[in-house]
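Enquirer: Using only what follows, build the 3D model:
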Amino acid sequence: MAYQTNWQIATDRTVVKRAAKIAFIVGIIIAMINHGDRITSGQMDAVAWAKCALTFLVPYSVSTYSSVMAVRERLQSLGD
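Expert: Numbering: from 1, shown residues only. I've put the predicted structure just below:
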């Protein structure tokens, strides 16, 4: 099995697609918890919208990191 860098794994189509789905679902939940009252009342400013958008990076990053570590572990066990 060929060696893959963490970046190659993290940018693999399946990893990106999975992380994006998780980020979408979990990001909405977190954004609604943190900003839901301001979103529904129309009181969001540009800074709040930027923070809301950044909220989606947390689950994307966690999912990507988890996938990279799982793939690494799998590749190492196949190599042993």
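Enquirer: Just to check, residue 72 is in contact with residue 5?
Expert: No. Using CB atoms under 8 Å, residue 72 is not in contact with residue 5, being 10.1 Å away. Heads up, the C-betas are built off the backbone N, CA and C, glycines and all.
Enquirer: which sections of the protein are below the confidence cut-off?
Expert: Low-confidence segments of the chain, defined by pLDDT under 70: 1-2, 80.
Enquirer: hang on, the earlier thing: give me the more crowded residue out of residue 72 and residue 5.
Expert: residue 72 (13 against 9; other CB atoms under 10 Å).
Enquirer: sec struct for the more buried one, please.
Expert: helix (DSSP: H, G, I helix; E, B strand; the rest coil).
Enquirer: With adjacent residues omitted, what lies nearest to it?
Expert: residue 9 (7.0 Å; CB to CB, 6 or more residues apart in numbering).
Enquirer: can you list contacts of the host helix or strand of that neighbour?
Expert: Using DSSP states H and E, the element containing residue 9 is helix 6-10. Contacts with helix 6-10, where a contact means CB atoms under 8 Å, 6 or more residues apart in numbering, come from 15-16, 64, 67-68, 71-72.
Enquirer: Look at the residue nearest to residue 72 and say how many residues are nearby.
Expert: Using other CB under 10 Å, residue 9 is surrounded by 18 other residues.
Enquirer: Quick check: the gap between it and residue 52.
Expert: Distance, residue 9 to residue 52, by CB to CB, to the nearest Å: 29 Å.
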